[in-house]
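Trainee: sequence first, predicted model second:
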Amino acid sequence: MKSTASSRRTTARALLATGILTSLALTGCTKSEDSSDDKATEQQADAGQEVASPSAGSGASCTIDTFGGKKLDLKNATVGFSQSEKEANPFRIAETDSIEAEAKKRGIKLLTANAQSQFSKQISDVQDLIAKGADVLVIAPLNSDGWEPVLKTAAAKHIPIVTVDRKINAEACKDYVSFIGSDFVEQGKRAADQMIEATGGKGEIAILLGAAGNNVTTERTKGFVDQIKAEAPGLKVVFQQTGEFAREKGQSVTENLIQSKPGIKGIYAENDEMGLGAVNALKGAGKKAGDVKIVTIDGTRNAVQGIVDGWISGVVESNPRFGPLAFQTLDSFTKGEEVAQDIVIKDSAYTEANAESDISKAY
């Protein structure tokens, strides 16, 4: 992002719901970084999350008095982190790395659990984190619904919860404190704009849907479809099928797609892994780079390299480096300060114009 190194070092300032800070740059780390490459490290730091909203004086807020509970010093607390999916997906690798790195930086005890893409396991994981003494929770939810058992247990012990990346269908500042993540409808709109530019606004296109049961898939689909209808009536969505946010599934679905719709002009993949699976399917079918325009969302290094290689037309970023912002939000909240109920981050984008120069910012 555009913050200077000095501004990144001031992230200890409280994030207030009144929006005193409207742009807060934060740094994270990922397993894909090359620590021996100074330029890459510099660019990776610049790719930290920035707060897009709330703007000054807007947005609902939450305090510990409203939520219920007592103030505590986060340095002396135990934080529980529940990851939803196995860390084979670069997004989840970067997300977990960022949480762990920030906890280590702050000297905070961190308990972690991974649900391995099983929602029932995630529920039991969080219950176990609570039983082990977690004072606060950071949850990356697999699904948006079904959290009542966890919320009931946490409420009985007044345990603050911050969700990252995906929302849960519950009441902010009652069942949980804050959601930190992207504007997924806006991501879908931006992906549609990239598809319109890549295809010239005409032809048949397909959507590789994300996993069912969460707000990310629903909102990325809505943003894309609505924008296509509004801005490019010559583009027709003729195929929609879930690729479950997985590369292998994205490949198999695309293999079926190009058999049933050989004239397909573009594919919108709701995450990079499915888009890379689509690339594999096109290569296997003897297609050339650029024959079918692919637009994806996430910002993984492999997808950005796909732009450089000509197989992918554009990537809308979804920044997974939640650690600094999640801990800052919890720190402010547990001190008794106001925090926003919805903390929306800014996401950049990769195109042919910047993919090669900015690839080190990817994860």
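Mentor: Thanks, I have it. Just so it is clear, the structure is predicted and the values come from calculations on it, not from any experiment. Numbers count the residues shown, from 1 in each chain.

Trainee: could you find the closest non-adjacent residue to residue 110?
Mentor: residue 103 (3.9 Å; C-beta to C-beta, 6 or more residues apart in numbering). Glycine gets a C-beta too; all of them are placed from N, C-alpha and C.

Trainee: pretty sure that neighbour sits against residue 326.
Mentor: No - look at residue 103 against residue 326 with C-beta atoms under 8 Å: they stay out of range, at 9.7 Å.

Trainee: buried sites along stretch 267-283?
Mentor: With burial defined by 16 or more other C-beta atoms under 10 Å, the residues of stretch 267-283 counted as buried are 267-282.

Trainee: before we move on, back to that, the residue nearest to residue 110: what's it in contact with?
Mentor: By C-beta atoms under 8 Å, 6 or more residues apart in numbering, the residues touching residue 103 are 79, 81, 109, 110, 323, 327.

Trainee: swap in residue 276?
Mentor: Each residue near residue 276 by C-beta under 8 Å, 6+ apart is listed here: 247, 250, 296, 302, 303, 306.

Trainee: now list the buried members of these.
Mentor: By neighbour count, with 16+ other C-beta under 10 Å, those hold 247, 250, 296, 302, 303, 306 as buried.

Trainee: pLDDT score assigned to the fifth one?
Mentor: Note for residue 303: predicted pLDDT of 98.

Trainee: name the nearest residue to it, ignoring sequence neighbours.
Mentor: residue 272 (3.8 Å).

Trainee: how about the last one?
Mentor: The shortest distance from residue 306 to any residue that is not its chain neighbour, by C-beta to C-beta, 6+ apart, is 3.7 Å, and that residue is residue 312.

Trainee: check the third one too.
Mentor: Setting aside the residues directly before and after it, residue 296 is nearest to residue 275 in space (C-beta to C-beta, 6+ apart), at 3.4 Å.

Trainee: pLDDT value on that neighbour, please?
Mentor: 98.

Trainee: so which residues of the protein form helices?
Mentor: Applying DSSP state H to the chain gives helices spanning 5-8, 38-46, 64-67, 90-106, 119-131, 148-156, 184-199, 215-231, 247-260, 272-284, 301-308, 323-334, 355-358.

Trainee: what does the fifth one rub up against?
Mentor: If I follow you right, that is helix 119-131. Outside of helix 119-131, the residues within contact range by C-beta under 8 Å, 6+ apart are 80-82, 84, 111, 113-115, 137, 139, 141-143, 146-147, 149-150, 153-154, 157, 159, 213.
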